[in-house]
Structure formats: C-alpha cells, structure tokens
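**Student:** show me the folded form of this:
(2 chains)
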Number of protein chains: 2
Amino acid sequence: MAAIGDQAELFPVVNASGPQAGSVFSLKSASTPSLVGWKTGSYWPGNQAKNIPCHGSTVFLLSPETGELVAAVAATKVNAYRTAAADAVAVDYLARKNASVLTVFGTGHQAEYEVLAVAQVRNLSRVIVVGRSENKVQKFTEKLIKQGVNAEAGSAREGCEQADIIVTATTATEPLFQADWVQPGTHISAMGADKAGKQELPVELYANAALFCDYQPQSEVIGEFQHAGNVHLTEMGKVITGQATGRNSDDAITIFDSSGIAIQDLFVAEKYWQKHPPDPRGCSVKDQCSCTTDRL
Amino acid sequence: MAAIGDQAELFPVVNASGPQAGSVFSLKSASTPSLVGWKTGSYWPGNQAKNIPCHGSTVFLLSPETGELVAAVAATKVNAYRTAAADAVAVDYLARKNASVLTVFGTGHQAEYEVLAVAQVRNLSRVIVVGRSENKVQKFTEKLIKQGVNAEAGSAREGCEQADIIVTATTATEPLFQADWVQPGTHISAMGADKAGKQELPVELYANAALFCDYQPQSEVIGEFQHAGNVHLTEMGKVITGQATGRNSDDAITIFDSSGIAIQDLFVAEKYWQKHPPDPRGCSVKDQCSCTTDRL
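**Tutor:** Here you go, the predicted structure:
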C-alpha cells in the first residue's frame, strides 16, 4: 500500500480474469478519512454479441466509521465522466491557455466523454478525429457535430501536426503515431493504458517532454509509463496543490498519463450517491446496503 | 494469479486499511466456470465500543456470462459457517476416526462455530476450552454445555496433552502452546492466521508433523505456515480428491492451516443466495444487483 497526498491511501490493484474468453475484472481500493471502498471494473468482450455493454463498473463504499457496506453505486457512466474529468483537469493545468485544436485518437464510448470534457476547459476551434475505421470515424464525427463541436476526420499525422492538445482514448498495445509528428507546445493526455501490455504513445517522445501522471507507482506498472524506462514523473496532485511545476514554457511538450485511481472513483460515486439516493421504499436491505443506479 | 484445481483461479489478496485505528479490510477474489466474484472482509475494532460487530463480510457475485454484478450477499454468518466447515472437513479427513477429545483455543465468536462443526464429523466425548480470560472461558463453556456439548475449562498444557483434536481460533501473534505438549496422533486445525504477523502454532511442531493447507501460495504468505520456513505442504483439495495422502499412521501429528480462500466464499454465498433469494418486491435495482441479508 502507498500513501498519496497526506490523507489518502491506495492499495494494490487486482487484475483478475473470468471464465469467458478475454473476460477480465479489476478491484481498485482506496481509503481516506471520509471515504473507504473500491471500484470493480469488468470487461466481458463477448457481451458485444449479446448487445449489452462490454464494460461495467460498480463502486462500493464502506462506512469509514464502522467498515459496514453502505452503498453499491452502478458507476459505468460515472466512470466515463470521472476519467474524462481527470484528463480535462490535466489539460487545464498543462495545455497552453490558447490551445484550441484538439486531436482525439479513438472513436469509442470514452472518446466522446473526453472531447466534451476538454471542451469545458479550453475554447476549441477544431476537433480532429483519428481512428482505424473510416466508418466509425465518420459516425463519431457526426455525433460530435450534433453536439456543437467543430469536428472533422484526419490522419494520425495530420492530427499530430495540427494539434495543440492530443487525447488518446484507445485500447492500443503499440504507439498510435510517430514522436516527430508532435509539435512543440503540444499537451497530450493518454488514458488508454491501464494494464500491462497496453501502449498508446511512442517512447521517443519522453526524452523531450515533461511527464505527469495520476499516481506514479501505478503509472509505471500498468499505465503508459510502463514503457518509459527510468524517467522523472510528476503526479498531477502536486501540480494542482502547487508543490510541483506544470508547463514551464510555451514550447514544452507535456504528457499526462491517466491510469485511473480508486480515490477518483470513490469521490465521484459518493457525490453521485448523495445526489441520487436510492428510493427508500425500494430496497429491502437499506440498513445493510443501499444500491443506486446510473441515471446520469 | 494462480490456478487451483483444474477449473478455479484465485487472485492476489488485497489487505487494505481504513481510517480508524486498527481498521482493516480485505478483498479476496476468485473465478470458476460457474462462479466469479470476491469477498470483502472488514475488521473495525472500534465497533466494540459501539456495540456492533467488529467483523463484517460481504460476498459479491458477478455473472460468469456477462460480468454484471448479480448479487451482494451479507455473509458474516455465512463466513463463520464456511470457515468452521473447512476446518471440520480437514478434521474429518485427517483426525483419527476414534478421536473424541477436542481442545479449542479461543472463546470468541468463531470458536463456537468451530466446536459445533467438529461435533458434526467426530463423536466428541469432551471439549476442553482454553482462553486467556477466565470469565470468557466460563461463559463460552456454559454456552457450549447449553448446546449439549460436554465442555470444560482447561489450561493450554492440559488441553494439548489430553486432546485428540486441537482447533485454534484466536487472533494470536505468537504460539499458543509448546510443541512438546502435543501428543502423537493429534490433529490440529489452525484457523486464526490470515495475514502477515499472525501465528498460533509453535514452529517446532513442523519437523515431526504432516502439514496441510487450503491453498499453498496463500498459506505460506499470510497463513500459519508463513513461519514454517521451507516445508512440504499438501493442499486439502488433493487429499479430498485422492491425489495425495492424508494421515498415514495413528501416531502421526497432522496440521491443517486454514487461511480462507475466496472460492469457499463464492460457493457458500451462491448456495445461500439460492436458498434465500431477495424479496423481488424489495429491491429497486433488481436487474442491476440483488442484495440478500444473513438470515441463517
């Protein structure tokens, strides 16, 4: 276990597997003076054929006073929001103030949340969508346009060369682009890597970039920086609290690796639970455990 | 992760802590073709002053087909039964058939379950209760007598010298008795050690005893045999399925270390859930997660 900040503790992540081909689930736990619990994430790829979501996420909260289970929060959407929020916070602290062109790698469920979150912290003039499937790129671009985003399709190279901000939201296991395509002054938020073997960025980027992460011991093992070798990483929490410097020049390349930490889940789930308490008539075990569903 | 048997997998145990002094919780996960999930155990010692149980236990079941959360089973009592059952199964396989005197170290909640479970597999003529508090020993002895058990108080030495079966059910961190007090032919089931630093048995016993456990990688790290050094351990599952030998003579000392494995929890919780399904009118999130409470 490891201390993060002054008051919070994160515990080792369990990466487990289920009986279906490729099915996996994880347990990410944390503790603070006011919040104790864990998130379970599941990925059952066979669900696609059943027309139900492959990804699932539930946050469980224990009472810090007694250890009793107090809430199970169905958090699939909550998880999408908190992941995008963490990446957008990094954009807010690390991207240039006048950054206006966002390139997003990935056309999946999470990519949409990422674009909309970044649009909250920077005035985006253009969003370039990069993906392997022309069809998916087109559909995603249209979806963004309907939400008022000036989106267009582009190649990986165009996306890198024209971007002020790059967000990668893929399940890639090898670099999505070449390091020399990335322009000085670019900020990159990489969220795809969350287990051993995953990779979105070219390691050649790291020598000339300032590197940030959510939680160093996790980022180095299951995050993007598992491929980085011995590099200097700064945790975002230290930038936010003023203990470390973020971007130090307009020409710097900054990279944030978001491996996803349990404390984010617990805080977001608690807020969600407080805003959407379970129907008191609805649960026979209210005194034991209150369940609430995603209604975002 | 590690395979146990042909079809089941156990994943690394998380031992986490809460914000209260001494408060801890654990996550023990497993997967089989028909069962996927984990147990959360909590121990909040401050609960004693609040007159609520210090120990809590909940089993969570995911659908093996889709990974969706299907049940949260409040399993504090279920856990007490399954732990005692595992120890009694070891007694049944390893103790002499004519074993009739049981000595139990410990006077707590679990000790009662242990005695009653062993009474299911051997015809007990006497039960000797050993504990540090005379008052607690007396109360526990009276409680057993009321349930038809021929119980009496005894010292650690008397208990060891007269026992055919010894069960240790304590939170000890050092040996409860001397190795040379234990007579040839004795079987010992030790259930207290489930994390680093816990210990109930003297290591001097191991050189002349046959050693058994529920799950070797766990027993060696967080179970009783963390203190054993490099010894030969046999998993009980192999004895039960005939792949390994149990007791090989009436004079042998046999020792079973029960560190507690998640597969036991998942199976017991599923059976309990099937017998006591949640009230379908009672849970607003039935399609998401069904909760059931301990009504044993």
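
**Student:** elements contacting whichever strand or helix holds residue A:91?
**Tutor:** Element membership for residue A:91, per DSSP states H and E: helix A:76-94. Counting contacts by 3 or more Cβ pairs under 8 Å, 6 or more residues apart in numbering or on different chains; DSSP states H and E, helix A:76-94 packs against strand A:55-62, helix A:109-121, strand A:165-168, strand A:187-190, helix A:236-240, strand A:253-257, helix A:262-275. Heads up, the C-betas are built off the backbone N, CA and C, glycines and all.

**Student:** which one of these has the poorest average confidence?
**Tutor:** Note on the helices and strands packed on helix A:76-94: helix A:262-275 shows the lowest mean pLDDT, a mean of 88.

**Student:** list the buried residues for it?
**Tutor:** Residues of helix A:262-275 classed as buried by neighbour count (16 or more other Cβ atoms under 10 Å in any protein chain shown): A:262, A:263, A:264, A:265, A:266, A:267, A:268, A:269, A:270, A:272, A:273.

**Student:** and the contacts of stretch A:226-235?
**Tutor:** Contacts to stretch A:226-235, defined as Cβ atoms under 8 Å, 6 or more residues apart in numbering or on different chains, come from residues A:4, A:193, A:196, A:199, A:201, A:203, A:206, A:210-216, A:219-220, A:225, A:244-245.

**Student:** dump that stretch to PDB, restricted to CA.
**Tutor:** The C-alpha trace of stretch A:226-235 is given here as PDB (Å, rounded to 0.1, in the frame of the first residue of the first chain):
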ATOM      1  CA  GLN A 226       5.400   1.200 -18.000                       C
ATOM      2  CA  HIS A 227       7.200   1.600 -21.300                       C
ATOM      3  CA  ALA A 228       9.200   4.700 -20.400                       C
ATOM      4  CA  GLY A 229      12.100   3.200 -18.500                       C
ATOM      5  CA  ASN A 230      13.700   5.300 -15.800                       C
ATOM      6  CA  VAL A 231      12.100   8.800 -16.300                       C
ATOM      7  CA  HIS A 232      11.100  11.600 -14.000                       C
ATOM      8  CA  LEU A 233       7.300  11.600 -13.300                       C
ATOM      9  CA  THR A 234       5.300  14.300 -11.600                       C
ATOM     10  CA  GLU A 235       2.000  13.500 -10.000                       C
END
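
**Student:** quick one: that stretch to chain centroid distance?
**Tutor:** Taking Cα atoms, centre = their mean, to the nearest Å, one finds stretch A:226-235 lying 18 Å from the centre of the chain it belongs to.

**Student:** pLDDT of that stretch, averaged?
**Tutor:** Average pLDDT, stretch A:226-235: 92.

**Student:** do the same with stretch A:124-135
**Tutor:** For stretch A:124-135, the mean confidence score works out to 97.

**Student:** run the chain-centre distance for it.
**Tutor:** Distance of stretch A:124-135 from its chain centroid, counting by Cα atoms, centre = their mean, is 19 Å.

**Student:** what is the end-to-end distance of that stretch?
**Tutor:** Separation of the first and last residues of stretch A:124-135 by Cα to Cα, to the nearest Å is 24 Å.

**Student:** related to what we said a few turns ago, among the helices and strands packed on helix A:76-94, which is nearest residue B:106?
**Tutor:** When those are compared by Cβ to Cβ, strand A:55-62 sits nearest residue B:106, at 26.3 Å.

**Student:** dump the residue contacts of residue A:215.
**Tutor:** Neighbours of residue A:215 in contact, by Cβ under 8 Å, 6+ apart: A:4, A:10, A:235, A:259, A:261.

**Student:** do that again at 10 Å, thanks
**Tutor:** Residues counted as contacts of residue A:215 (Cβ atoms under 10 Å, 6 or more residues apart in numbering or on different chains) are A:2, A:4, A:8, A:10, A:223, A:233, A:235-237, A:257-264.

**Student:** go on, residue A:53?
**Tutor:** Residues in contact with residue A:53 (Cβ under 10 Å, 6+ apart) are A:42, A:43, A:44, A:47, A:76, A:109, B:66, B:67, B:68.
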